[in-house]
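Novice: turn this into a model:
(chains A and B)
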Amino acid sequence: MIPVLLIVIPLVSGLLAFLVKQEKSAKSWSLFSSMATMVIAILGMAFLNKGAWLETNVPWLPELGSSFAVKMDGMSQLLCLLTGVAFPGIFIATWHATYRNAHNFHALMLLTQAGLMGVFVAADALVFYFFWELALIPAYFLCSIWGGERRIAVTFKFFIYTFLGSLFMLIGIIWVYFHTADHSFSIQSFYAANLPGKHQGWVFWMMFLAFAVKIPIFPFHTWQPDTYEQSPTAVTMVLSGVMVKMGVFGILRWLIPIVPVGAWAWGDTVSSLCVVGMIYASLVAIQQDDLKKLIAYSSIAHMGLMGLAIFVTSTIGIQGVLIQMFNHGINIIGLWIVVELIERQLGTRKISELGGLAQKAPTLAILLVVIALANVALPLTNAFVGEFMMFTGVFGSQATKYSEVFMVIGGISIILSAVYTLNMIQRVFFGNTNNLTVAAKDIRFNEKLVLVVLVVGIIAMGVYPKPMIEATKQAVDVIYSKMFVKLP
Amino acid sequence: MLFTRKCLSNYHKMNAIVISAVWGVVMMFSGVFSKSNAVIRSVAILGLLGLTVVNVLDMGGLQLFDIDVKGMMKPDIFGLLFHTIALASTLVYFLLSGKDMEKVGVNVAEYYALIFFVLTGIGIVSVFNSLLMLFLGIEIISIPLYILTGADKRNLKSNEASLKYFLMGSFSTGLMLMGITLIYGVKGSFNMEAIHIGDGNLTPMMTAGLLLLLFSMAFKVSAAPFHFWTPDVYDGAPTVFTSFMATIVKAASFIAFIRLFEGSFGGVQPQWQLLVAIITAATLFIGNITAVFQQSVKRMLAYSSIAQAGFMMFALVAMNNTAKEGLIYYAAAYSLSTIGIFAVLLKMKDYTFEGFNGLAKHQPVLAATNTIFLLSLAGIPATAGFWAKFYMLSAAIDNGNVMWLVIVGVLCAAISVYYYFRVIQAMYFKEGDAQEIEISGSFKGMLIGIAAVVVILGIFPQWLINQLYSFIYL
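Specialist: All right, here's what the predicted structure looks like:
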């Protein structure tokens, strides 16, 4: 019941939002709808987390062995919660932004949310593929209509990349489908397929491409910085906060348990790509003068760590990934909100043109520093918990011979992340004001509200992460146990 | 599997074929008795509606009259379903673009008559069981098309296209006849069952016949390297007839293609599979790559039809039940979407991509429905086109021998996004002057209806087939 509501509420309210012509009412409507979704997501996480509430299975294409099956486990609950919380937060934080044809903008945002929710709860490969693509189409229109100057070309590149990846995934899905015992697309049949080891390698790559593009893992990342930069900030928040998690989620739910041998065989290769990407993205981030690009590259580095933690295969590492998926979503949305505030007020995102903002906007500065420190994974912030667990997993992994190497190189990227984050804070918020920033004002109530909630969340989860660990424990065990499946 | 194949050889399916030939004559005379285009159009639509009903009843075993065809035609579900879909698509085409046909020239009644004759041919090629009937069917389809291509007789391009089509078409028909002759020489029969029996090893003469038939059919479906006529003919022909040729006629040629090769040469499929796979890959590659460089949407659609033909060729390569069912589905999905796009294109005065700039602002309904059709052609989920590609890919993966072709197909599908989305980009993301377009409410309604069908088929692909299938058990 709950997963269906999570899809249907944003879907229906999104379609209705096309008909709302006034800007104010479109905004209120989408905020109301996303609030409702958030309440349902919280209910699903905390109160109604019993069997029947979290599962729905309706026949869809019986001839093909596919049904509209949705199901939530700990991992789904956490990611649905992230999606549920992110959208109202984004709508509130960007309340004062103006868009041409605001009703279309909000309608497409809600449709994106429906697609994301569908991806996170799907328990049938075809349903998963459907929502995987459907989340992309509204995002494509959002970026292309409301984005920056180079939006059309940049978004198109993004679309072609992800579409090609998805088609390869489709090949993988169909191939696995023909090798299930009962010719079914359900996740149980996929998990039980026990594919021949010699084929798992290429099936792994077929499906991995889609996820690697989405995450993005080096060298499939080239669409990402441009797209983040050119998209309207509200959409960038969705892309980086929630949509990239689709890739990590896909690997954990649809890749590793289905082709464990392929994942193991190629694990070191992928891990190497991840660490190379971490270092590369961090070094590039240090050079950036544009705030959006800086955060975009920093995101590549952080997502690379998640990929690494998955492919070195350890329980605690995967546990860390699940937690970090949520935390990274919260933190990066916080960062984007700050960027959006600065850009809207001062009309620039260039670090070199800013300075001394802390004198003019003390509240903003304090909140930003907390979020930025969380981005560097300082102890007592939420990201520390996740990254610590991931690094523990990497260091202690038995599955790879190179765990020390990965550990050391990965660790360097964390130091680099401190370099660019602190450098950014220093040059944007401290120092002397210049002509531009002297007129800056502090933030408004709604923005303060969202940022304060985020900061409270960051610290709360940093100090007391136990509930999240408990919630995802079972999901981790399922994934981990599938990683060492015996060959036929 | 969407539906299982069932042979209906216990009765003969002639009704729709005979009636469409007769109605073609009626249409010719309607031009004598009435000068009003509206009347002529109504007669055509009524006739087609009747034809569709007759064909559906035929599927259920209810026949107006019964003719013994001496085994030269063999109706099975596969052929009957396709014929019904072809008739229904033509009905949609008449309703959407009938008025535009009247702008081509003064002989409106003749245009309708010729299309009815083409439908007769389509009926024959979807159920033929003898190579003679195949030849007759293909010729009955082709000759009216040569005329329709040149219908805009004061236009040099239209004349050129017509002549080109006629010369190339006759040449390929010649190839087909030679192929049939050689096979008759070996087997002593035109009957496909007789040809099929005992063809375990191919003699040189049989091989030559097979190759000649393969090449001539590849020409008819515009598969590379026999596709060169397509862009010129499709571009030169009056747009309203291009729409018909590129969709229903092309799908019918495919049905004939797969029927011929399964019926006659199914037993030696491993021996020609690789050749067909190479033709398929070349078609996909050339169609998609060339479409990228087009400046005119009409010409882009011509290359897109080659590219889509490449995907339909998957059915021939894989040659299993999934493939044949998928081909029917592909025909419906592709025809509906392409007819819709052509209907929108017909309303435009400027056929270049720039001509579509800013359409979304001035004609939101046109832009939105056109977007759905384009997404369907690109194969995005929740449109009919997704399932079309899904079935073709499944069929090839199920076959297992041609994984490389699947990869080529996927790469080409990604390329196709490039040119389909250029239209969407022009409509939604670019500013442009409004073209003065006059659109009636009923036209908009029709477009919305078709778009709704495309989406419904995209979510419940089995719905259409089940509906048609249910008639079989009347």
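Novice: burial of A:F395, as a residue count?
Specialist: Residues within reach of A:F395, counting by other Cβ atoms under 10 Å in any protein chain shown, total 18. Glycine gets a C-beta too; all of them are placed from N, C-alpha and C.
Novice: list the contacts for the nearest residue to A:G201 once chain neighbours are set aside?
Specialist: The spatially closest residue to A:G201, leaving aside those adjacent along the chain, is A:G262, at 4.8 Å (Cβ to Cβ, 6 or more residues apart in numbering or on different chains). By Cβ atoms under 8 Å, 6 or more residues apart in numbering or on different chains, A:G262 lies in contact with A:Q200, A:G201, A:W202, A:V203, A:F204, A:W205.
Novice: try B:S222
Specialist: Counted by Cβ under 8 Å, 6+ apart, B:S222 has contacts B:W229, B:T230, B:K250, B:T283, B:S305, B:I306, B:A309.
Novice: dump these into CSV; add neighbour count, pLDDT and distance to A:Q224 as well.
Specialist: As requested, the contacts of B:S222 are arranged in CSV below (neighbours: other Cβ atoms under 10 Å in any protein chain shown; pLDDT from 0 to 100; distance: Cβ to Cβ, whole Å):
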residue, neighbour count, pLDDT, distance to A:Q224
B:W229, 18, 91, 44
B:T230, 25, 91, 39
B:K250, 23, 92, 40
B:T283, 27, 93, 34
B:S305, 26, 92, 35
B:I306, 25, 92, 34
B:A309, 27, 92, 36
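Novice: pipe the residues you listed into CSV and attach distance to B:P381 per row.
Specialist: Listed next are these as CSV, based on distance: Cβ to Cβ, whole Å:
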residue, distance to B:P381
B:W229, 34
B:T230, 29
B:K250, 24
B:T283, 24
B:S305, 22
B:I306, 24
B:A309, 22
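Novice: the longest helix in chain B is where?
Specialist: helix B:156-187 (DSSP state H).
Novice: report the buried residues of that one.
Specialist: B:158, B:160-162, B:164-166, B:168-169, B:172-173, B:175-177, B:179-180, B:182-183, B:186-187 (16 or more other Cβ atoms under 10 Å in any protein chain shown).
Novice: pretty sure A:V276 is touching A:H221, no?
Specialist: No - counting by Cβ atoms under 8 Å, A:V276 does not reach A:H221; the two are 10.9 Å apart.
Novice: who's more crowded, the two?
Specialist: Taking neighbours as other Cβ under 10 Å, A:V276 and A:H221 compare with A:H221 leading, 22 against 15.
Novice: would you mind writing the CA trace of stretch B:26-46 as PDB?
Specialist: Taking C-alpha atoms only, stretch B:26-46 is exported to PDB below (Å, rounded to 0.1, in the frame of the first residue of the first chain):
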ATOM      1  CA  VAL B  26     -16.800   2.100 -56.300                       C
ATOM      2  CA  MET B  27     -14.400   4.900 -55.300                       C
ATOM      3  CA  MET B  28     -13.500   5.500 -58.900                       C
ATOM      4  CA  PHE B  29     -17.100   5.900 -59.900                       C
ATOM      5  CA  SER B  30     -17.900   8.000 -56.900                       C
ATOM      6  CA  GLY B  31     -15.800  10.700 -58.500                       C
ATOM      7  CA  VAL B  32     -18.100  10.600 -61.500                       C
ATOM      8  CA  PHE B  33     -21.300  10.900 -59.500                       C
ATOM      9  CA  SER B  34     -20.200  13.400 -57.000                       C
ATOM     10  CA  LYS B  35     -18.000  16.500 -57.200                       C
ATOM     11  CA  SER B  36     -18.000  17.000 -53.500                       C
ATOM     12  CA  ASN B  37     -14.800  16.000 -51.800                       C
ATOM     13  CA  ALA B  38     -16.600  15.600 -48.500                       C
ATOM     14  CA  VAL B  39     -18.900  13.000 -50.000                       C
ATOM     15  CA  ILE B  40     -16.100  11.100 -51.600                       C
ATOM     16  CA  ARG B  41     -14.200  11.100 -48.300                       C
ATOM     17  CA  SER B  42     -17.200   9.900 -46.500                       C
ATOM     18  CA  VAL B  43     -17.700   7.000 -49.000                       C
ATOM     19  CA  ALA B  44     -14.000   6.000 -48.500                       C
ATOM     20  CA  ILE B  45     -14.200   6.100 -44.700                       C
ATOM     21  CA  LEU B  46     -17.400   4.200 -44.700                       C
END
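Novice: which element is whichever residue of the stretch 101-250 of chain B sits closest to chain A on?
Specialist: Taking Cβ to the nearest Cβ, chain A has its nearest neighbour within the stretch 101-250 of chain B at B:A224, 21.5 Å off. For B:A224, there is no enclosing helix or strand under DSSP states H and E.
Novice: who are the packing partners of the longest helix along chain A?
Specialist: When chain A is parsed with DSSP H, its longest helix is helix A:315-346. Contact here means 3 or more Cβ pairs under 8 Å, 6 or more residues apart in numbering or on different chains; DSSP states H and E; on that basis helix A:315-346 packs against helix A:74-93, helix A:233-237, helix A:244-250, helix A:291-311, helix A:362-375, helix A:382-396, helix A:445-463, helix A:466-483.
Novice: which SSE is immediately downstream of the longest helix of chain B?
Specialist: With DSSP H and E, the next secondary element past helix B:156-187 is helix B:192-196.
Novice: now do the same contact list for the residue nearest to B:G150 when sequence neighbours are not counted.
Specialist: Once flanking residues are discounted, B:G150 sits nearest to B:S162: 2.9 Å by Cβ to Cβ, 6+ apart. Residues near B:S162 by Cβ under 8 Å, 6+ apart: B:Y146, B:I147, B:T149, B:G150, B:G236, B:A237.
Novice: how about B:F219?
Specialist: With contact taken as Cβ under 8 Å, 6+ apart, B:F219 is in contact with B:M168, B:G169, B:S172, B:L175, B:F226, B:W229.
Novice: what about the helices in the stretch 1-150 of chain B?
Specialist: B:15-33, B:37-59, B:77-101, B:108-127, B:131-149 (DSSP state H, counting those that start in this stretch).
Novice: ok, back up a step: helix A:362-375 and the longest helix of chain A, what's the angle between them?
Specialist: Angle of helix A:315-346 versus helix A:362-375, following axes from the mean of the first three to the mean of the last three Cα atoms, to 10 degrees, is 150 degrees.
Novice: buried residues, helix A:315-346. List them.
Specialist: A:315-342, A:345-346.
Novice: so where's the chain uncertain?
Specialist: With no chain named, the answer covers chain A. Scanning chain A for pLDDT under 70 picks out A:49, A:484-488.
Novice: was after chain B, sorry
Specialist: Ranges of chain B meeting pLDDT under 70: B:1-13, B:197-200, B:434-436, B:465, B:467-474.
Novice: again, 50 this time
Specialist: B:1-10, B:473-474 (pLDDT under 50).
Novice: what residues does it put near chain A?
Specialist: Residues of chain B found near chain A (Cβ under 8 Å from any Cβ of the partner chain) are B:1-3, B:375, B:380-382, B:390, B:393-394, B:397-398, B:406-407, B:410-411, B:413-414, B:417-418, B:421, B:425, B:428-430, B:460-462.
Novice: confirm B:E431 sits in a strand?
Specialist: No - using DSSP: H, G, I helix; E, B strand; the rest coil, the assignment for B:E431 is coil, not a strand.
Novice: before we move on, back to that, export the helices of the stretch 1-150 of chain B to TSV and tack on mean neighbour count?
Specialist: Putting the helices of the stretch 1-150 of chain B into TSV (neighbours: other Cβ atoms under 10 Å in any protein chain shown) gives the following:
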stretch	mean neighbour count
helix B:15-33	19
helix B:37-59	19
helix B:77-101	23
helix B:108-127	25
helix B:131-149	22
